[in-house]
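Student: Sequence and predicted structure, then a few things I'm wondering about:
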Amino acid sequence: MQTDTPWSTLPARDHLLAGADAAGAPVLDVVVPVYNEEKDLEPCVLRLHDHLARTFPYAFRITVADNASTDRTPEVAQRLARSLPGVRSYRLEEKGRGRALRTVWSHSDAPVLAYMDVDLSTDLNALLPLVAPLISGHSDLAIGSRLARSSRVVRGTKREFISRAYNIILRSSLAARFSDAQCGFKAIRREVAQRLLPMVEDTGWFFDTEMLVLAERAGLRIHEVPVDWVDDPDSTVRIVRTATEDLKGVWRVGRALAVGALPLDRLARPFGDDPRDRGIGGVPGGLARQLVGFCVVGALSTLFYLALYSLFRLGAGPQIANGGALLVSAVANTAANRRLTFGVRGRGGAVRHQAQGLVVFAIGLALTAGSLAALGAASGSPSHGTELAVLIAANLAATVLRFLLFRAWVFPDRDRGGDTARPADAPAHRQDAAPADDTHHELRNVR
């Protein structure tokens, strides 16, 4: 994944009216990605342009992003760009909705960037509520949701099932909290897009999901708008192929997040926009939240440890089985607590954290080994069930000490604030770099 983004945190969100261009530069750039849509493109753009001209209180632009169409779509797009004010056309020579959005958004000068599908399945009355939180500075991204309780949706049973099943997959595998990743109705602030888009690897339909998952994991605020949505019966989306690619994307992103391969700290926002908040270096995780996370990780680690112990016990004595099971589970436990309980992202300091975790492991090993030795001395040949019961009691005692050592020594607050993904020779602050440019894609502005 590309990660060449600025090191400094994002600036505080400002209300865009304060910096609006008096010359009429667009506040909103709505991108309509298309591929072989010669029939639907013109009615879509005319309807969207009329709606924005009548209802949107700020300057706007509509950008048709034609990604490698082979029919008359480019001609229709150029004609619309010539005849309608505030409409322009981009031509890309490679397919992919994600590629089209990333390319156009990276070159746009509008502070709010949005996109919608050419079929206009989503009611346009939701467009202003979608972008209003971004204009006001309240949120970083906004999405339309067909799964909200107040949404009104007309679509077939098959698409309804696929959408809800996909949502369950995202929640269970990537811990996503947003409700609808696939709705083609989204918006993002430009300064967020400049940092976030280089981290998004997918160039197709999974682009939306990957962008939202990374934004949510980085702590950015995602606003959801209930929408009215009517299914397009003539949609050309290949459901099986798209679903397969999405599942591959879920696996890839989940693996990258699990190993801390993404520098999500570069997307951090100041705590608040009040000047008194600017001096706050970060909001430390509360003790209650850390305890819950530690208990969940600890419970799973204990089950993992007991399974390993039982497996190792088949071919080794109790001490060797205990040591091997503890070592393997300790490495997994430290990695899980590092990311999930104490919120340390990135690879920086990971080796040191594992080394400290092994010291904590040694303490646990001493407690459990001592307990086994005492049990053996007391009863000679205890049963397997008795051994497990003693080990559980010893591990509970070791768990309390492990949490205290993790919180005070291995993952103190100062590490969570400054020991994430920054290499030792990286500067503490850099000026905002230009957005990533897909120079290997041919991009032509054909106004």
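Tutor: Nice, thanks for sending it over. Numbering: from 1, shown residues only.

Student: And the strands in this protein?
Tutor: Here the chain has its strands, by DSSP state E, at 28-34, 60-67, 87-92, 112-116, 141-145, 152-154, 185-189, 222-226, 228-230, 443-445.

Student: Make TSV from the ones you listed and add mean neighbour count and distance to Arg289 to it.
Tutor: Using the backbone N, CA and C atoms, a C-beta is placed for each residue, glycine as well. Shown next, in TSV, are these (neighbours: other Cβ atoms under 10 Å; distance: least, Cβ to Cβ, whole Å):
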stretch	mean neighbour count	distance to Arg289
strand 28-34	25	37
strand 60-67	25	41
strand 87-92	22	44
strand 112-116	24	33
strand 141-145	24	24
strand 152-154	13	35
strand 185-189	26	28
strand 222-226	20	20
strand 228-230	18	35
strand 443-445	13	45
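
Student: shaky segments in the stretch 201-350 of the chain?
Tutor: Within the stretch 201-350 of the chain, the set of residues satisfying pLDDT under 70 comprises 233-239, 269-286, 288.

Student: which residue ranges form the helices in it?
Tutor: 207-217, 239-258, 287-313, 318-336, 350-379 (DSSP state H, counting those that start in this stretch).

Student: looking at those helices, which is buried most?
Tutor: Among the helices of the stretch 201-350 of the chain, helix 207-217 has the highest mean neighbour count (mean count of other Cβ atoms under 10 Å), at a mean of 23.

Student: Now do that one: which elements does it pack against?
Tutor: helix 97-107, strand 141-145, helix 190-196, strand 222-226, helix 239-258 (3 or more Cβ pairs under 8 Å, 6 or more residues apart in numbering; DSSP states H and E).

Student: Go again with 7 Å.
Tutor: helix 97-107, helix 190-196, strand 222-226, helix 239-258 (3 or more Cβ pairs under 7 Å, 6 or more residues apart in numbering; DSSP states H and E).

Student: remind me which residues of the stretch 1-150 of the chain are low pLDDT?
Tutor: Looking at the stretch 1-150 of the chain by pLDDT under 70, you get 1-9, 17-24.

Student: hmm, try it at 80
Tutor: Counting by pLDDT under 80, the stretch 1-150 of the chain has low-confidence residues at 1-24.

Student: could you dump the helices of the stretch 201-350 of the chain to TSV with distance to Arg47?
Tutor: Below are the helices of the stretch 201-350 of the chain laid out as TSV (distance: least, Cβ to Cβ, whole Å):
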stretch	distance to Arg47
helix 207-217	23
helix 239-258	26
helix 287-313	47
helix 318-336	50
helix 350-379	52
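
Student: what's the spacing between Arg189 and Leu16?
Tutor: With distances taken as Cβ to Cβ, to the nearest Å, Arg189 is found 9 Å from Leu16.

Student: should've said Asn167
Tutor: From Asn167 across to Leu16, the span is 31 Å (Cβ to Cβ).

Student: As CSV, the strands of the chain with distance to Leu372 would be great.
Tutor: Shown next, in CSV, are those (distance: least, Cβ to Cβ, whole Å):
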stretch, distance to Leu372
strand 28-34, 63
strand 60-67, 64
strand 87-92, 65
strand 112-116, 61
strand 141-145, 53
strand 152-154, 59
strand 185-189, 56
strand 222-226, 50
strand 228-230, 61
strand 443-445, 67
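
Student: Show me how far stretch 170-181 is from its chain's centre.
Tutor: Put simply, stretch 170-181 sits 9 Å off its chain's centre (Cα atoms, centre = their mean, to the nearest Å).

Student: Identify the residues contacting that stretch?
Tutor: Defining contact as Cβ atoms under 7 Å, 6 or more residues apart in numbering, one finds that stretch 170-181 is touched by 143, 145-148, 167, 208-209, 212-213, 216, 222, 224, 250, 253-254.

Student: switch the cut-off to 6 Å
Tutor: The contact list for stretch 170-181, computed with Cβ atoms under 6 Å, 6 or more residues apart in numbering, reads 145-147, 208-209, 212-213, 222, 250, 254.

Student: go on, stretch 143-152?
Tutor: Contacts of stretch 143-152 (Cβ under 6 Å, 6+ apart): 122, 126, 153, 179-180, 183, 185-186, 224-229.

Student: Please render the residues you listed as CSV that adds distance to Pro85 to the earlier fields.
Tutor: Listed next are these as CSV, based on distance: Cβ to Cβ, whole Å:
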residue, distance to Pro85
Thr122, 24
Ala126, 24
Val153, 34
Ser179, 36
Asp180, 33
Cys183, 29
Phe185, 24
Lys186, 25
Glu224, 32
Val225, 27
Pro226, 32
Val227, 27
Asp228, 28
Trp229, 29
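
Student: Which single one of the residues you listed is nearest to Arg91?
Tutor: Arg91 lies nearest to Lys186 out of the contacts of stretch 143-152, by Cβ to Cβ, at 22.5 Å.

Student: list the contacts for Ile188?
Tutor: Contacts of Ile188 (Cβ under 6 Å, 6+ apart): 113, 141.

Student: Cheers, nothing more for now.
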